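**Student:** Turn this into a structure:
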Amino acid sequence: MSTDSPQQCGPERGVAPAIRFEHLACVYDSDREFLEMAVPFLEAGLSAGRPVLAVTTAANLELIGDTLGTRGVRVL
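**Tutor:** Numbers count the residues shown, from 1 in each chain. You can find the predicted model right below:
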């Protein structure tokens with residue numbers, strides 16, 4: 001069984017469909033460059049009602065939290 005939903009892939013009878021995730025990696029030289037890449041990516045997912053995950057350093061998570069926190073987003 002297949003699905004036309006772009007959000008899901010590989011459902012089989014009796015098996016819950018898996019959710020597809022986009023994996024983005026980048027090289028950056030400054031906090032500003034990191035935020036210019038990360039924030040739009042995270043905001044796009046949040047605006048679409050999707051869960052988002054950023055795996056990065058504690059310092060970068062703080063930058064994300066400081067930026068997105070002003071928009072009502074909680075970063076853990």
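**Student:** residue ranges with poor pLDDT in the protein?
**Tutor:** 1-19 (pLDDT under 70).
**Student:** check contacts around the residue most central in space within it.
**Tutor:** In the chain, the C-alpha nearest the mean C-alpha coordinate belongs to Val52, at 3.1 Å (CA atoms, centre = their mean). By CB atoms under 8 Å, 6 or more residues apart in numbering, Val52 lies in contact with 41-42, 45-46. Any C-beta I mention is one placed from the backbone N, CA and C, and that applies to glycine too.
**Student:** hey, which helix is longest across this structure?
**Tutor:** Across the chain, the longest stretch assigned as helix under DSSP state H is helix 31-47.
**Student:** quick one: contacts of that one?
**Tutor:** Contact partners of helix 31-47, identified using CB under 8 Å, 6+ apart, comprise 24, 26, 28, 51-52, 54, 56, 60, 63-64, 67-68, 71, 73.
**Student:** what are the C-alpha coordinates of it, in CSV please?
**Tutor:** The C-alpha trace of helix 31-47 is given here as CSV (Å, rounded to 0.1, in the frame of the first residue of the first chain):
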residue,chain,number,x,y,z
ASP,A,31,26.9,32.9,14.8
ARG,A,32,25.2,35.1,12.3
GLU,A,33,25.8,32.7,9.5
PHE,A,34,24.5,29.8,11.6
LEU,A,35,21.3,31.7,12.5
GLU,A,36,20.8,32.8,8.8
MET,A,37,20.7,29.1,7.9
ALA,A,38,19.1,27.5,10.9
VAL,A,39,16.3,29.9,11.8
PRO,A,40,14.5,29.9,8.4
PHE,A,41,14.7,26.1,8.2
LEU,A,42,13.3,25.7,11.7
GLU,A,43,10.6,28.3,11.2
ALA,A,44,9.5,26.7,7.9
GLY,A,45,8.9,23.4,9.7
LEU,A,46,7.2,25.0,12.7
SER,A,47,4.9,27.1,10.4
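**Student:** can you list contacts of the next helix or strand after it?
**Tutor:** Counting by DSSP states H and E, the next helix or strand C-terminal to helix 31-47 is helix 58-69. Outside helix 58-69, the residues that touch it by CB under 8 Å, 6+ apart are 31, 34-35, 38-39, 42-43, 46, 54, 56, 75.
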